[in-house]
Each structure stands twice: as C-alpha cells, then as structure tokens.
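Peer 1: Quick one, what's the 3D model for this:
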Amino acid sequence: MLPEHIWIVVRGIVKLSCLNEQGDDVLIAIAGPNEPFGDPLTQLDLYQATTLDRCDLLGLSIQDVNSTPHLGINLMKAMIRRTHQSEALIALLGLRGVENRVKSFLELLAEDYGNPCNQGLKLDLRLTHQEIASAVSTTRVTVTKVLGQLKESGWLQYDSQQKMIISLLPKPNNHQQQNNRSIQAK
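Peer 2: Below you'll find the model as predicted:
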C-alpha cells in the first residue's frame with residue numbers, strides 16, 4: 001500500500017489483515033464496493049490488503065480527499081460503515097461457543113456482501129477455513145468441523161463453485177414482525 005493513499009473498492013472484495021506476534025495472518029475486516037482501506041486509516045504496523053476475487057480499486061491521495069469536500073463526506077460515511085463492521089466483529093468474539101461465533105461471522109458477511117439466490121444468501125467471496133478461524137479466534141480444524149455440522153443441519157450449503165450459501169438467517173423477532181405488519185397494513 002502506498003503511504004498517504006486511501007483505496008476505495010470499486011468492484012470485488014478485499015481482505016484486510018495483519019500479522020500477529022506469532023506471524024499468523026489475522027483477519028481485521030472485509031472491504032467491498034464503495035468501502036475504503038489504506039495506510040492512513042490504520043495504526044497497525046503489519047497491515048495487509050489481499051484481493052479475494054477480481055477487484056477494481058480507486059487510489060486517492062490524502063491531498064485529493066482534503067481538497068474535495070464531497071470525497072471527504074463520502075469517505076466519512078464509508079468509515080462509519082467500517083466502524084459498524086469492526087464493532088460487530090469484536091462483539092462476535094464475545095459469543096460463547098465456536099459454532100455461534102462462526103454462524104454470526106458468516107451471517108455478518110452474508111448480510112453485508114451476500115447475493116440473494118433461491119437457497120438463501122450466497123457469499124461470492126471465498127475465505128479459507130484458516131481465515132474464518134482467525135476471524136473468530138479458533139483453530140482451522142475446529143472451523144472445518146463446525147462448517148461440516150452447519151452443512152449437515154442445512155444452515156449452510158455450497159454451490160457448484162464451492163461458494164457458501166447461508167440458508168437460514170435469523171428470523172425477525174416479534175417486535176420486528178409487528179412493525180413489518182403495521183407497515184404493510186398502512
């Protein structure tokens with residue numbers, strides 16, 4: 001990454017990670033279309049960006065952002081979304097049980113980056129079991145076991161290209177259902 005440059009994902013998905021003290025790659029965030037990343041937006045020393053599929057990126061210098069008010073405003077909105085994603089990732093680490101953390105992580109990805117299909121929401125990005133493990137603070141072996149269990153239960157499916165499909169997202173709670181009904185009735 002270039003110093004003093006911010007990158008905007010135009011198309012595709014970028015994995016943002018860093019190396020921990022043991023040299024392991026730790027997933028920090030995922031950046032999709034219209035989401036920024038770059039050296040000026042982090043304080044982590046060993047920060048890396050890796051494309052997870054074909055990507056188009058737009059590079060902006062800090063001077064470009066500072067001299068163009070609408071760029072700054074849009075960047076701020078995108079950073080708010082990034083903050084929300086970071087908070088959600090941190091919160092899922094507090095969940096009890098690896099299965100709950102894996103499911104919550106995949107639900108987060110599906111809600112942010114999933115594409116509707118007949119079976120649920122398809123993740124057009126590919127993460128290795130190790131990448132999922134680093135995101136939810138467990139081992140690759142445990143993630144492989146949990147993903148197998150989720151597939152057996154029907155919660156998780158794979159398409160012909162081995163892309164994940166999240167089949168059973170959480171249903172809205174009663175309060176949300178009542179709000180939806182009253183909106184539909186109006």
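
Peer 1: Helices of the protein, residue ranges please.
Peer 2: Under the criterion DSSP state H, the chain contains helices at 62-67, 69-93, 98-113, 129-136, 140-153, 174-185.

Peer 1: residues in contact with the second one?
Peer 2: Under the criterion Cβ atoms under 8 Å, 6 or more residues apart in numbering, residues 6, 8, 28-31, 34-36, 41, 60, 64-66, 100-101, 104-105, 108, 112, 135-137 lie in contact with helix 69-93. C-beta here means a position set from N, CA and C on the backbone, and glycine is covered the same way.

Peer 1: now do 6 Å
Peer 2: With Cβ atoms under 6 Å, 6 or more residues apart in numbering as the test, helix 69-93 has contacts from 29, 35-36, 65, 101, 104-105, 108, 137.

Peer 1: any chance of the helices of the chain in CSV, with mean neighbour count and distance to Asp53 too?
Peer 2: What follows is the helices of the chain, written out as CSV (neighbours: other Cβ atoms under 10 Å; distance: least, Cβ to Cβ, whole Å):
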stretch, mean neighbour count, distance to Asp53
helix 62-67, 12, 26
helix 69-93, 13, 18
helix 98-113, 19, 11
helix 129-136, 21, 14
helix 140-153, 15, 20
helix 174-185, 9, 33
